[in-house]
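**Q** sequence unknown, structure follows:
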């Protein structure tokens, strides 16, 4: 079974390394006995991802990607190994999908001439109100 990222991007299982490790934190005696956390390693440069995804992933400022281009995800949210494996794969999928989204370029807007005129008229009107609050001169 392979990881389906989108309709045209599929990652084979042999490119994803999953290993079970002992989880940290609370859990009582169970933590010391059972290896329920999952350590996922994904080598980006040697993967079958399209070059577009590879470049965007490696250039991203994600602390989980080391200098060799290996993505490391540690999943230990759940008590069972199966749920942690599923969580790690979902996090990998969402990371790759997020990299694939292209942001629209921002085009700065200009206020219309009418809105500029209204603004200036309101400023003039407000300044007249404030000027009339002063002492009356005879």
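**A** All right, it came through fine. What you see is a predicted model, and the numbers here were worked out from it, not measured in a lab.
**Q** Low-confidence regions, the chain specifically.
**A** Within the chain, the segments meeting pLDDT under 70 span 1, 25-32.
**Q** So which residue is smack in the middle of it?
**A** Taking CA atoms, centre = their mean as the criterion, residue 98 is the residue nearest the geometric centre of the chain, at 6.2 Å.
**Q** Let me know the helix or strand that that one is in.
**A** helix 81-100 (DSSP states H and E).
**Q** which other helices and strands contact that helix?
**A** Using 3 or more CB pairs under 8 Å, 6 or more residues apart in numbering; DSSP states H and E as the contact test, the elements touching helix 81-100 are strand 3-4, strand 16-21, strand 37-43, helix 51-59, strand 70-75. For the C-beta atoms, the positions are set from N, CA and C on the backbone; glycine is no exception.
**Q** switch the cut-off to 7 Å
**A** In this structure, helix 81-100 makes packing contacts with strand 3-4, strand 37-43, helix 51-59, strand 70-75, judged by 3 or more CB pairs under 7 Å, 6 or more residues apart in numbering; DSSP states H and E.
**Q** Okay, buried residues for it please.
**A** Residues of helix 81-100 classed as buried by neighbour count (16 or more other CB atoms under 10 Å): 81, 84-85, 87-89, 91-93, 95-96, 99-100.
**Q** Ok, which of the helices and strands packed on helix 81-100 comes nearest residue 13?
**A** Proximity to residue 13, assessed across the helices and strands packed on helix 81-100 by CB to CB, is greatest for strand 3-4 (7.5 Å).
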